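> How does the following fold in three dimensions:
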Amino acid sequence: MTFLVTGASGSVGRQIVRELLAKGEKVRALSRDPERAGFPEGVEAVRGDLTDPKSLTSAFDGVEAVHLITFGGESFAPLETGPEILELARQAGVRRITVLHGGGPTPLEEAVRSGPVDWTVIMPVEFMSNALEWAESIRTTGTVSEPFTGRLSAMVHEADIGAVAAEALRSPGHAGQAYVVTGPEVLTLQDKVDAIAAARGSAVRLLELTEEQAREQWQAKGFPEETIEFLVMVYRDTPVEGRTVTDVVERVTGRPARTFAAWAREHAAEFTA
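Numbers count the residues shown, from 1 in each chain. Predicted structure coming up:
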């Protein structure tokens, strides 16, 4: 059985590839630039672009299960090619599809949900890897500066997202499911900062920004206004789904979700000068 992973060079896609390889599966990884993707040994790397379905024909040869993402191209705009991609999957005899939810309605996810192939939507909350945005500040000043410091998050380890997706691709019983994938606990920003401090062995201070200061900081980084408005919205009042623990990881994979403390230990060197 061949598994096709699109978005294979992304933070989730790489984890799906690793999980499938660890299970002894045959993995084909799609990339616009496979020579530079650095996939693990044993992966069949193929070139293709989800914005150009004609480039995908050979990638689907012999594939029985595929993981899809909802954004593509250089601009990472929502893909409009869902119907064509689904038709390629149908013609290839694909039996299962997982799709990584893009944070809202997207044409590709809608096409998958209404299509003829068994599907599972993977809906992760905040990635633990987002904390890497603090790495430079922690290394250089020992501080983290954020707005809305009382906000809560059930953030999830990216490897657990990959594990859930891989299991849904490999096993029956997941068709028609939309899995909200979370970590095992609800954390404050202070909880996260404390975990990083413990992992690196030295203190980290949490400094609270006003909303105005945060907006100025994001503007200086070149964030589009729509992105800034989104961040203010979700940080000021995090949706219930983002701060509610689910049992999806344990129910699907058979083992508990990884903690943020464990993630921080894995990445301690990146927070250490």
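
> Only C-alpha atoms from now on, for both contacts and neighbour counts.
Noted.

> show me where the stretch 151-273 of the chain has helices.
158-170, 189-200, 211-220, 225-236, 248-253, 260-266 (DSSP state H, counting those that start in this stretch).

> And the second one, what's buried?
Read that as helix 189-200. Using 16 or more other CA atoms under 10 Å as the test for burial, helix 189-200 gives 189-190, 192-200.

> got the contact list for residue 271?
Residue 271 is in contact with 135-136, 138-139, 196, 200, counting by CA atoms under 8 Å, 6 or more residues apart in numbering.

> Now flag whichever of the residues you listed is closest to residue 99.
Nearest to residue 99 among the contacts of residue 271 is residue 135, at 29.8 Å by CA to CA.

> immediately after the helix or strand containing that closest one, which helix or strand?
Here residue 135, judged by DSSP states H and E, is contained in helix 135-141. Sequence order places strand 143-147 as the next helix or strand after helix 135-141, per DSSP H and E.

> Off-centre distance for that next one?
Averaging C-alpha positions (CA atoms, centre = their mean, to the nearest Å) puts strand 143-147 23 Å from its chain's average.

> So what are the sheet partners of that strand and their directions?
strand 205-209 (parallel) (DSSP bridges).

> Which residues does the strand it pairs with contact?
Taking CA under 8 Å, 6+ apart as the rule, strand 205-209 contacts 142-149, 189-190, 193.

> tell me which residues in it are buried?
206, 209.

> Helix 189-200 and that strand, what's the angle between them?
150 degrees (axes from the mean of the first three to the mean of the last three CA atoms, to 10 degrees).

> Now strand 205-209: average pLDDT?
On average, the pLDDT along strand 205-209 is 98.

> so how far is that strand off the chain centroid?
For strand 205-209 - counting by CA atoms, centre = their mean - the centre lies 26 Å from the chain centre.

> Could I have the CA atoms of that strand written out in PDB?
Coordinates of the C-alpha atoms in strand 205-209 are reproduced here as PDB (Å, rounded to 0.1, in the frame of the first residue of the first chain):
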ATOM      1  CA  ARG A 205      10.400  36.400  32.300                       C
ATOM      2  CA  LEU A 206       7.000  36.900  30.800                       C
ATOM      3  CA  LEU A 207       6.300  40.600  29.900                       C
ATOM      4  CA  GLU A 208       2.800  41.700  29.000                       C
ATOM      5  CA  LEU A 209       2.300  43.900  26.000                       C
END
